[in-house]
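# Got a sequence here, can you model it:
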Amino acid sequence: MGLGYVDNASLEADDVGLFSGNEARPVGVGEITQNTTASGTIGAMLGQPTEKANPVTPVKDTTSSIAREDRNISLQHIIFFVTTWLQKVLCVKQLRHKGIPKKEIKKQSMVAAQNLVEGHRETKLRFNPKHKSKAPNAVIVLVSLVNIMDLQKHSLESPVCQAICDSLVSSGISSLESSSLPEAESSFREKVSTAVNANDSHCFALPFKTNDQSLLSADRFSSDLSSRLSCLANGRDIPSLSAYFENSLRDNIKRNGAVVHGMDFATLEPGKCLNDAVLNFWFKWVTTPRCPEDNTSSVHICSTFFLSGVLNDGYNTRYQKWLKNVNIFDKSMVLFPVHLAHHWSVIVVLNPKLIKQTKQRWNDPSYTRDVFAMIHLDSLGSGTVHNKQQLARAVRDILNKEWDKYNNNALDKTDRPFNHRHESCKLLSPKVLKQTNNYDCGVHVCRYVVNLVRMVNDAEVKMPNAKMADVLDNFSNSITGHELFGYTESNISSMRTEIYNVMAHTMNSYKNHRIHEPSSVHDLVSDSEEDEEEAEILVSQDLEDTDVVMSDAEFTEDASYQFQSDEDDDLSIDTK
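A predicted model of the protein is given here:
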């Protein structure tokens, strides 16, 4: 979803070397239209043999239904198509920023044009964009005869041409992804430790204790969790840490148990979107302390239903009960995952108790103490489908009402500390790796959470708590440039397998080594009406798979949600 777009007005002639403002004209056999006269072969125009210029073998058209005489190919339209494809996949308008110069686009487009003229149905072009601190991932562009013939019926300046090109490119990207899924699925099956039946109605439920203290050994299936555990172990064996972990898990989860079914495992397969059960399991697992020295206790992560519910109903007494036993101002980091419009992202609140000090020393880069900050991590970047203004308002409202519980609430409402009018309370959007498909957003959020937890604990990769310089620089060094956030798409694919294997090991421990206790998650009986109501909310939202999508008008007109005088000038910060 939201892989980017191309704007004719933003495409300067100097960027792609093709737009002259003239409509492309069809030509005879063997000719290719472009701004300058094309004569001879592609090899002659490039000064090298065609075979060396074409990185991927084209598909030869062996049918005789299409006469060669009818193949009048417009080079301008091919370059336009290729440019649109690259911009959608890379989520940028200026491709030179990704190390793809105009000459490379034109060169490969000429190869594609010659292949189509010579009788091929389609050809694949390979581009190698540059990624700062990341290994390059090739981008394949599929140029087909049918698409180009359809596109070149329209002038490049025509809005219809733009719309048709966007549609053709989106379909082509989806088709290419679908064709690669069987190979990805085969690789996935080879790497999973235990294949789980998607029809299994009940795999496991957290929390539980084991009779062999084997639960924590599931960390070995994740490279990040294994590295984190090695740092925390400090010579201690895993069983001794596992006992502490199992007790911590019970304290961390309490009555809000995590139940996982076979269909939840199935969402981890390639090409599928992760559901709330997987993310809630991962969040609880990652944020549970492994030992007394584990600083994860300073991190609180809310349920995936929490912020969506607040956006829909307001931060009323029902949702305030979810934080009744948690003082978020004792935490150094509070995470609010959110699922809206079939897309996952997460808001991170750093040092909420330091809001007043931050406002007093705002915009002073020499201030080296920790400060408050609110950031939004989203794998769609500036092209997100989430309304960041709405998210920021909701989180600020939560923070203000929680502040009233522990501080003087006699102040005027507009003077509450988390005020949208102050720059310190704006929502920052650090740059992170963007997804190149419509199903990996949940995996990216899992990646963000494990990274942040590791940055709290691991001495080797530890990030100092937010400083004023970091906030003013949109966390370009402490997040965007941090080694943990230098992961690649291949790491995202591997993470699906790792989460699957951690869950599979947990399932095996649950079925083979679980200690049956009267206080297990299945036998818990709510001690109060409040707990029953909270459990009912969780179950109902799980069954309904609530997906809150509201327009700005619906959101501001919702009488059930009274925000803190947020006005139209409330703009989140998105440094591009």
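# Now find how far off-centre stretch 164-180 is within its chain.
20 Å (Cα atoms, centre = their mean, to the nearest Å).
# If you could redo that for stretch 279-298, that was the one I meant.
That offset, for stretch 279-298, works out to 21 Å (Cα atoms, centre = their mean).
# Quick one: end-to-end distance for that stretch.
End-to-end distance for stretch 279-298, by Cα to Cα, to the nearest Å: 20 Å.
# Just the mean pLDDT for that stretch, thanks.
Taken as a whole, stretch 279-298 has a mean pLDDT of 92.
# Name the residues of that stretch that come out as buried.
279-291, 294, 296-298 (16 or more other Cβ atoms under 10 Å). Bear in mind the C-beta positions are built from the backbone N, C-alpha and C, glycine included.
# mind checking how far Cys425 is from Asp370?
16 Å (Cβ to Cβ, to the nearest Å).
# before we move on, what about Leu268?
Applying Cβ to Cβ to Leu268 and Asp370 gives a distance of 36 Å.
# same check, this time on Lys93
Where Asp370 is concerned, Lys93 sits at a distance of 37 Å (Cβ to Cβ).
# cool, and Gly99?
Counting by Cβ to Cβ, the gap from Gly99 to Asp370 is 37 Å.
# coming back round to it: higher neighbour count, Cys425 and Asp370?
Neighbour tally, Cys425 and Asp370, criterion other Cβ atoms under 10 Å: the higher count belongs to Cys425, 22 against 19.
# who's in contact with the closest residue to that one other than its chain neighbours?
Excluding the flanking residues, the one nearest Cys425 by Cβ to Cβ, 6 or more residues apart in numbering is Phe418, at 5.3 Å. Phe418 sits next to 355, 396, 399-400, 403, 425, 564 when contact means Cβ atoms under 8 Å, 6 or more residues apart in numbering.
# Swap in 6 Å and give it another go.
396, 399-400, 425 (Cβ atoms under 6 Å, 6 or more residues apart in numbering).
# need those in CSV with pLDDT, can you?
Compiled in CSV, those are given as follows (pLDDT from 0 to 100):
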residue, pLDDT
Arg396, 94
Leu399, 95
Asn400, 92
Cys425, 90
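# Tabulate these in a markdown table, adding columns for distance to Ile140.
A markdown table is the format used below for those (distance: Cβ to Cβ, whole Å):
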| residue | distance to Ile140 |
| --- | --- |
| Arg396 | 43 |
| Leu399 | 45 |
| Asn400 | 49 |
| Cys425 | 43 |
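# Now the two most distant members of the residues you listed.
Put simply, by Cβ to Cβ the two of the contacts of Phe418 set farthest apart are Asn400 and Cys425, 10.0 Å from each other.
# Just the buried residues of the strand or helix carrying Gln390, please?
Using DSSP states H and E, the element containing Gln390 is helix 388-406. By neighbour count on 16+ other Cβ under 10 Å, the buried set for helix 388-406 is 388-403.
# Start from the N-terminal end of the protein and give the strands.
32-33, 59-60, 73-74, 120-127, 139-144, 204-206, 258-260, 299-301, 333-340, 343-350, 373-377, 427-428 (DSSP state E).
# As CSV, those strands with distance to Ala233 would be great.
CSV is the format used below for the strands of the chain (distance: least, Cβ to Cβ, whole Å):
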stretch, distance to Ala233
strand 32-33, 64
strand 59-60, 54
strand 73-74, 63
strand 120-127, 44
strand 139-144, 41
strand 204-206, 22
strand 258-260, 25
strand 299-301, 20
strand 333-340, 23
strand 343-350, 27
strand 373-377, 29
strand 427-428, 35
